[in-house]
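>>> Predicted coordinates and the sequence they were generated for:
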Amino acid sequence: MAPRDPAQPHRAASPLELFFDLVFVVAVSIASAQLHHALSNGDFLHGVTSYTMLFFAIWWAWMNFTWFATSFDTDDWLYRVTTFVQMGGVLVLAAGIPRAFDEGDFTITVLGYIVMRVAMVGQWLRASRAAGPLREATRRYALGIAAVQVLWILFLLIPSGTLQIAAFVIFALIEISVPVFAEHRRQTPWHPHHITERYGLFTLIVLGESLLASANAIIDALDEVDALGPLIAISVLTLVVTASLWWIYFWPPHHRAISSFRRSLRYGYTHYFVFAAAAAFSAGIEVEIDVLTHESRISNLAASFTVTVPIAVFLIGIWWIAIRENADRVVNTVVPVGSLLVLFDPVLPIPVTLSALILVIVVVTLVLRPPVPRDEN
């Protein structure tokens, strides 16, 4: 398991990586569904807090595997089997999400998370045998990941509430500091085109969840409304918004954003907000449909914010990590201003209308103003 060449031509996602992503479709879908139910019932603080914590586990496990694979993927039988073990851990984590939301019981989710992370320790230890100058970094990864899993076991002993949330924040910060601890002296070789392709594929997963969730919600609501016009309108607007988010995300050349270790950390960590927001957008659309069919008693204003806040977070996140340094002054004005203006969506009586209009304006701007070379920024 020797380090791979970061300049390897035509490096693309492997079939195993694509298969690995499928289990995250399940986890993201369940987390988004639970967020939808919490928001629709008006339980905003609990819903957002639980979703934030659970999505961290999903994102971090996926991200760690992705950065490991870009450096050490051998695709031999042992690597495949270890990856399958990690996939099993994702499914266990996904199975525990409803109980974590409803009862505050994180036992199953932590168990699934630890299965994934222990398998990752095995991957790093195996890589250390042929890592050469990178042996210290690989062993630091193994040590750091293993140590943090002890903290997550202790997390289960903390009663739910403010103390548990505080412990989660501390443990999560320690968890994301492991790559800094491991690579501060010598960095593992990442393939910029491969790694950004992997992030793009996960973005497709979370955006696809928006389309699927909204379609299912609309199908379920067909018998609950007297007129189909509002449902047709919200379905069309959801497609427009999702397509616009896709266009905006893939506009800049992402591989430029990870040209150094510091920049790769910014790119990787900020994507938590991008991914979480994209998945939360689907929950917001379902909340809007619940309000339309009188399945939810929250206000139209609150329902609108369940859609517009995720859109705003997605826009500002991708602007910060990928668009900003590849755009001219016009684009660097339109995108952040657009992320603010979508929050005024409730001024129009039809849900999602203003957001869709603003995003179309952003996309048109990006079409007219293509990315500029970095030395022209």
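The structure has been received and is ready for your questions.

>>> low pLDDT regions in this structure?
Applying pLDDT under 70 to the chain flags the ranges 224-227, 374-377.

>>> Next, name the residue at the spatial heart of it.
Geometric centre of the chain, nearest residue: F275, 2.4 Å, by C-alpha atoms, centre = their mean.

>>> helix or strand for it, which one?
helix 261-292 (DSSP states H and E).

>>> wait, doesn't the residue nearest to the centre of the chain sit right on V206?
Yes. F275 is in contact with V206 according to C-beta atoms under 8 Å; the separation is 5.4 Å. To be clear about C-beta, it is placed using only N, CA and C from the backbone, and glycine gets the same treatment.

>>> before we move on, the earlier item: mind checking how far the residue nearest to the centre of the chain is from V240?
21 Å (C-beta to C-beta, to the nearest Å).

>>> got it, and V110?
For V110, the distance to V240 (C-beta to C-beta) stands at 39 Å.

>>> ok, now L340?
Applying C-beta to C-beta, the value for L340 to V240 is 19 Å.

>>> So the two - more neighbours on which side?
Higher neighbour count among L340 and V240: V240, with 18 against 12, using other C-beta atoms under 10 Å.

>>> tell me the secondary structure for that one?
With DSSP: H, G, I helix; E, B strand; the rest coil as the basis, V240 sits in helix.

>>> Grab the nearest non-local neighbour of it.
A356 (4.5 Å; C-beta to C-beta, 6 or more residues apart in numbering).

>>> measure that neighbour to D75 for me?
From A356 over to D75 the distance is 42 Å, taken as C-beta to C-beta.

>>> Give me the more crowded residue out of these two.
Between A356 and D75, counting by other C-beta under 10 Å, A356 is the more crowded of the two (23 against 12).

>>> List the contacts of the more buried one.
Applying C-beta atoms under 8 Å, 6 or more residues apart in numbering to A356 gives the contacts L237, V240, V241, S244.

>>> Can you say which helix or strand has it in it?
In this structure, A356 sits in helix 353-368 according to DSSP H and E.

>>> now that helix and helix 261-292, what's the angle there?
When axes from the mean of the first three to the mean of the last three C-alpha atoms, to 10 degrees is applied, the directions of helix 353-368 and helix 261-292 differ by 140 degrees.

>>> ranges for the helices of this protein?
With helices called from DSSP state H, the chain shows them at 15-40, 44-72, 77-103, 107-128, 135-155, 162-176, 178-183, 192-221, 229-249, 261-292, 300-318, 331-341, 353-368.

>>> could these go into TSV alongside distance to Q8?
Converted to TSV, the helices of the chain look like this (distance: least, C-beta to C-beta, whole Å):
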stretch	distance to Q8
helix 15-40	15
helix 44-72	10
helix 77-103	17
helix 107-128	17
helix 135-155	20
helix 162-176	28
helix 178-183	20
helix 192-221	8
helix 229-249	25
helix 261-292	17
helix 300-318	27
helix 331-341	32
helix 353-368	30
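
>>> Next one: the closest residue to L292 other than its chain neighbours relative to S210, how far apart?
Of all residues not flanking L292 in the chain, P230 sits nearest, at 5.6 Å (C-beta to C-beta, 6+ apart). Using C-beta to C-beta, one obtains 19 Å as the distance from P230 to S210.

>>> cool, T238 as well?
Distance from T238 to S210, counting by C-beta to C-beta: 7 Å.

>>> so what sits against both of the two?
When contacts are counted by C-beta under 8 Å, 6+ apart, T238 and S210 have I285 as shared neighbours.

>>> my guess is L93 contacts I114, does it?
No. In this structure, L93 is not within contact of I114 by C-beta under 8 Å, at 9.4 Å.

>>> Compare these two (neighbour count), which wins?
Neighbours were counted for L93 and for I114 using other C-beta under 10 Å; L93 has more, 30 against 18.

>>> Leaving out the residues flanking it, which one is nearest to that one?
G112 is the one closest to L93 (C-beta to C-beta, 6+ apart), at 3.2 Å.

>>> so who does that neighbour touch?
By C-beta under 8 Å, 6+ apart, the residues touching G112 are G89, V90, L91, V92, L93, A94, A95, G96.

>>> Distance of the residue nearest to the second one when sequence neighbours are not counted relative to L201?
Think V90. Using C-beta to C-beta, 6+ apart and skipping residues adjacent in sequence, the residue nearest V90 is V23, 4.2 Å away. To L201, V23 is 14 Å away according to C-beta to C-beta.
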